[in-house]
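A.B. asks: Predicted coordinates and the sequence they were generated for:
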Amino acid sequence: MDGLVLMGSTRLRPAAEASSSTLSKASLYLQTYRSLFARQDCTSAILPLALHGNLQNNPFRSLCWRVLLNVLPSTSVDWVTALHSLRINYQFMLDKFHTEQKLQDVSLDPVINNPLSQAADSPWNQHFQDGEMRKMIKQDVVRTFPEVDFFQTTLVRETLVNILFVYARCHPEIGYRQGMHELLAPLYFVVKSDCDTFNDIMAGLKDNHSGEAQAVAEELRTAVHRDIFSARFCEADTFSLFESLMEAVGPWFISNQSVHNVGSGYEGKPWSRPQDQTTGNKLVDNLNYIQDVLLRRHDPALFSRLEKLEIFPQIYGIRWLRLLFGREFVFRDTLLLWDAIFADSCPPRLCDQLVVSLLMAIRDLLLRYEYQDAVQLLMKLPSNLSVTYCTQFALHLKDPIRFPKPSGSAFAHGVVGTGKEKKKLVKTENKFRKISAPKLFSKNPTEAVKTPFELVRPLNRFTTEPDGGSDFTVLEVKKDDLERGDVNDIDSASAEHLGKEPKLRDKPPSSHGRSMNVREKLVRSDLNNRDITVIEVKTDLESAVKSLDSLLGQETLLRRTEILQSVERIKCLVSKLPSSHTQTSVKAHRTASVAVDVAKYFEED
């Protein structure tokens, strides 16, 4: 309930400390409702709040969404009539598609009305089809936002199944497609939350028997009609909101397969790409326009890089658009993003610029990565990506005159969100880099699904502490290119690595003294030019090992003894490297690399 009252056109005034009482909350609730909706056209008050991300924690978000999607008229005095009509329509469709009563209809021909009938007009045939559809829908619904407790109850899941089933029967040209449940879930969450808030406030005022509380309750009942936030009609209200949203994004779930068959008279352009042909799929055509036109216009270098890697927009964009970026951000941020999408003059057209905004936010990584890493990054965006920055930058791309380019970074500074907590960034040597690994190695697969994959912001020297998001941390020592020497010289470090005692150099026989003197002169002459480089390499390697030792000392290790023994072994090897000009042995070439399985050896904080 904090920050409800409008202050200016784009933000809300924070509530006073006294708002903790039921009476103060009710007063703020009433004042906010009047500020938003007690006007001839409430759209003028909703749009600035939605576009600037100020509908968060607003108890009237569901009403704002219904006005923005034209489910409700912009004048609040007409809402009760509109809601009554929509609710009656939904109840009619529920009864129409309920086949249980038809199965008991004795007036129907027994040849048709029996479970073995294959007739198209048999109620049993439709009954079995409906059962299969409900089963398919429920399989998706039970996996909806597993990190949000609201969607784990049986009642909520049954409600979502009912809405999706009725929509599929009402719109057979689209039916039910996988992913629709993730569009419906946030809508129902918002509608139900607003109803619960209203009912909680009214219940609190009812328990308060003071005259002032009763006066506020009466005033609230007069301003906000009880039918607007009726818990009995949350399912019907959500259906009307979902149906309106699907009018805009429904074509993205339809694919015209017949258009994919190119006729014999087709004359393709030479050197054309597969996606340049007409697909018949509006989603794919829209994605091609986004990458080939919008991205090329705003960031030619990034467009060229994706073209060179042959990363087509269908790889990442289908899920982005169909789910309205619901899997790219945590649930709370998704609602903020949808505020702006619905507030756009022609929803969901802002999604085009949002795709470009997300690509440009991670452009530095995409320009460096090869195909596999780039695709994985696009499928799992950094978890510290700022939804506010991406939204404002998308608005700037669409209308740079109205919306200035946001300042600052597209990533949260100093923290990386994991969905449940935030972890501080730890500054390390630039020899550390964080890489991704398959989910198979994740310590907690359930958590890996809940939260986005964490990557380090580009072009900096920060990395995160070991956590469940990344499976390996690789330490690469770049400057350990030791010069090669005589092949007969055995590196004592290599011998120890093989589990053998270092082979000592025996004193040569006197009969070969003259040839050995010549050889030693050649070796020493060559070492005079290379000893300085070897010493520098040793210094850098010692620094890297010291840094690794310090980092491991700060972590909680499951196999601390084994890891620390490995570090001590590396230190021993480093100590055997030449450190002065008097050493004549030449070390063999080696690239040192230490890989630590974080998921296996480290515990999360």
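C.D. replies: Everything's here; your move.
A.B. asks: ok, now which ones touch the residue nearest to residue 549 when sequence neighbours are not counted?
C.D. replies: Sequence neighbours aside, residue 567 is the residue nearest to residue 549 in space, at 5.3 Å (criterion: CB to CB, 6 or more residues apart in numbering). (Glycine included, C-beta is placed from N, CA and C.) Neighbour list for residue 567: 545, 548, 549, 552 [criterion: CB atoms under 8 Å, 6 or more residues apart in numbering].
A.B. asks: before we move on, what about residue 328?
C.D. replies: Residues touching residue 328, when contacts are defined by CB under 8 Å, 6+ apart, comprise 320, 358, 381, 385, 452.
A.B. asks: Please repeat the previous calculation with a cut-off of 10 Å.
C.D. replies: For residue 328, the set of contacting residues under the criterion of CB atoms under 10 Å, 6 or more residues apart in numbering consists of 316, 319-320, 334, 337, 354, 358, 378-383, 385, 387, 390, 452.
A.B. asks: What does the pLDDT read for the residue nearest to residue 549?
C.D. replies: Reading off the per-residue confidence, residue 567 sits at a pLDDT of 78.
A.B. asks: Give me the three-state assignment for it.
C.D. replies: When classified by DSSP: H, G, I helix; E, B strand; the rest coil, residue 567 comes out as helix.
A.B. asks: low-scoring pLDDT stretches of this protein, where are they?
C.D. replies: Applying pLDDT under 70 to the chain flags residues 1-20, 99-124, 256-280, 413-534, 536, 553-559, 578-605.
A.B. asks: Mind jotting down where the strands sit in it?
C.D. replies: 5-7, 11-13, 415-417, 422-427, 432-435, 462-464, 472-476, 593-597 (DSSP state E).
A.B. asks: returning to that earlier point: roughly how far does the residue nearest to residue 549 sit from residue 545?
C.D. replies: As defined by CB to CB, to the nearest Å, residue 567 lies at a distance of 7 Å from residue 545.
A.B. asks: what about the helices in the stretch 51-200 of the chain?
C.D. replies: With helices called from DSSP state H, counting those that start in this stretch, the stretch 51-200 of the chain shows them at 61-68, 79-96, 100-103, 123-141, 154-170, 180-207.
A.B. asks: picking up where we left off before, ranking the contacts of residue 567 by neighbours, who comes first?
C.D. replies: Comparing the contacts of residue 567 by number of neighbours (other CB atoms under 10 Å), residue 548 comes first, having 22 neighbours.
A.B. asks: I figured that one hits residue 574, correct?
C.D. replies: No - with contact defined as CB atoms under 10 Å, residue 548 does not reach residue 574; the gap is 11.5 Å.
A.B. asks: okay, now the domains of the protein?
C.D. replies: What the record gives for the chain is the domain set 5-253, 282-476, 492-597, from automatic domain parsing.
A.B. asks: contacting residues for the residue lying closest to residue 325 once chain neighbours are set aside?
C.D. replies: In space, residue 325 comes closest to residue 337 once its chain neighbours are excluded; the distance is 5.8 Å by CB to CB, 6+ apart. Taking CB under 10 Å, 6+ apart as the contact definition, residue 337 lies against 53, 324-326, 328-329, 350-351, 354, 387-388, 390-391, 394.
A.B. asks: For those, which single residue is the most surrounded?
C.D. replies: Counting neighbours by other CB under 10 Å, residue 354 comes out on top of the contacts of residue 337 with 28 neighbours.
A.B. asks: now that residue: how far from residue 552?
C.D. replies: Using CB to CB, one gets 41 Å for the distance from residue 354 to residue 552.
A.B. asks: cool, and residue 146?
C.D. replies: As for residue 146, its distance to residue 552 is 33 Å (criterion: CB to CB).
A.B. asks: same check, this time on residue 205
C.D. replies: When CB to CB is applied, the distance between residue 205 and residue 552 equals 59 Å.
A.B. asks: Same check on residue 138?
C.D. replies: Using CB to CB, we find residue 138 at a distance of 48 Å from residue 552.
A.B. asks: How about residue 298?
C.D. replies: Residue 298 is 44 Å from residue 552, where distance means CB to CB.
A.B. asks: Check residue 76 too.
C.D. replies: 62 Å.
A.B. asks: got a list of what residue 74 touches?
C.D. replies: Remark: with contacts taken as CB under 10 Å, 6+ apart, residue 74 is in contact with 37, 39, 40, 41, 42, 43, 44, 46, 67, 68.
A.B. asks: what does residue 223 give?
C.D. replies: By CB under 10 Å, 6+ apart, the neighbours of residue 223 are 29, 30, 31, 33, 34, 37, 38, 76.
A.B. asks: let's see 6 Å
C.D. replies: Residues near residue 223 by CB atoms under 6 Å, 6 or more residues apart in numbering: none.
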